[in-house]
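1. just a sequence and a predicted model for now, questions to come.
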Amino acid sequence: MPKPAKTDRALLPQAGARPSHDVVRVWDRIVRGFHWALVLSFAVAWITSEGAEDIHHWAGYAAASLVALRLVWGVVGTRYARFSQFVRNPATVLRYLAAIIKGSEARYIGHNPAGGAMVVALMVMMACVALTGWMMTTDAYFGVSWVEDAHSLAAHGLLVLVFLHIGGVALASLRHRENLVRAMITGRKRKAASADIA
């Protein structure tokens, strides 16, 4: 976990801070590939949930494999890929959310505290969807209503998180005048200014 002093620092941007137009590499190929492959696998699984059972299952297996890969890369990967860089304690996340409401949140080069919490939430929920989906294919749990209900609830919960994630990305992009979707494609973001948290 990061030191509290670092995550608590500069939730309020410094007055007069001027952003640099230089760019810096933030998201490596594995992080970017994971992100877009997970988007694709979830979309395919959602679209095929009422039919094309084999495709639905393989999309679920792909999503589960991607989450497993990301867990490993979150420990051994590059700086901004590591969980130790962006997973903050709940108090820091709540302070950041309060700063968002006030319109005074700092810009982070990696994931901000709310974004880091969303990454964890999305991965946990995707794992729940995949696990309950796999359970439904086993002899022990095939046709068991609570497993089917849990799978449906987890899938719909994941969809809600996806929309919240998209909203958060859009808000951060507008607030900090930075296209975060493009950053997740190119891997590059605007270099940290004096008020930003690297």
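-> Yep, it's here. Numbers count the residues shown, from 1 in each chain.
2. where does pLDDT dip in this structure?
-> 1-21 (pLDDT under 70).
3. next, the contact list for the spatially most central residue of the chain, please.
-> In the chain, the residue lying closest to the centroid (CA atoms, centre = their mean) is residue 119, at 2.8 Å. By CB atoms under 8 Å, 6 or more residues apart in numbering, the contact set of residue 119 is 86, 111. Every C-beta, even on glycine, is put in place using the N, C-alpha and C of the backbone.
4. all strands of this structure, in order?
-> 23-25, 188-190 (DSSP state E).
5. parallel or antiparallel, list what pairs with the first one.
-> Spelled out, that is strand 23-25. Note on strand 23-25: by DSSP bridges, its sheet partners are strand 188-190 (antiparallel).
6. distance between the strand it pairs with and the chain's centre?
-> Computed by CA atoms, centre = their mean, to the nearest Å, the chain-centroid distance of strand 188-190 equals 18 Å.
7. the residue nearest to the centre of the chain and residue 50, how far apart?
-> Residue 119 sits 29 Å away from residue 50, going by CB to CB, to the nearest Å.
8. cool, residue 38 as well?
-> In terms of CB to CB, residue 38 sits 21 Å off from residue 50.
9. neighbour count for these two, which is higher?
-> Higher neighbour count among residue 38 and residue 50: residue 38, with 19 against 8, using other CB atoms under 10 Å.
10. and the closest residue to the more buried one other than its chain neighbours, how many residues sit next to it?
-> Excluding the flanking residues, the one nearest residue 38 by CB to CB, 6 or more residues apart in numbering is residue 66, at 5.0 Å. By the measure other CB under 10 Å, the count of residues near residue 66 is 21.
11. circling back to that earlier point, how much space between the residue nearest to the centre of the chain and residue 112?
-> 11 Å.
12. how about the helices of the protein, start to end?
-> Along the chain, the segments classed as helices by DSSP state H run 4-8, 29-47, 53-76, 83-86, 90-102, 113-135, 145-175, 180-186.
13. now the residue of the chain most remote from its centre: phi and psi?
-> Taking CA atoms, centre = their mean, the residue of the chain most remote from its mean C-alpha position is residue 139, at 33.4 Å. Backbone geometry at residue 139, expressed as degrees, to the nearest 10, gives phi -60, psi -40.
14. wait, what's in contact with residue 180?
-> 169, 172-173, 189.
15. and residue 118, how far from residue 89?
-> Computed with CB to CB, the distance linking residue 118 and residue 89 is 15 Å.
16. same deal with residue 68?
-> Taking CB to CB, one finds residue 68 at 25 Å from residue 89.
17. so residue 118 and residue 89 - more neighbours on which side?
-> Each of residue 118 and residue 89 has its neighbours counted (other CB under 10 Å); residue 118 has more, 19 against 15.
18. the closest residue to the more buried one other than its chain neighbours: neighbour count?
-> In space, residue 118 comes closest to residue 165 once its chain neighbours are excluded; the distance is 5.3 Å by CB to CB, 6+ apart. Residue 165 has 16 neighbours, counted by other CB under 10 Å.
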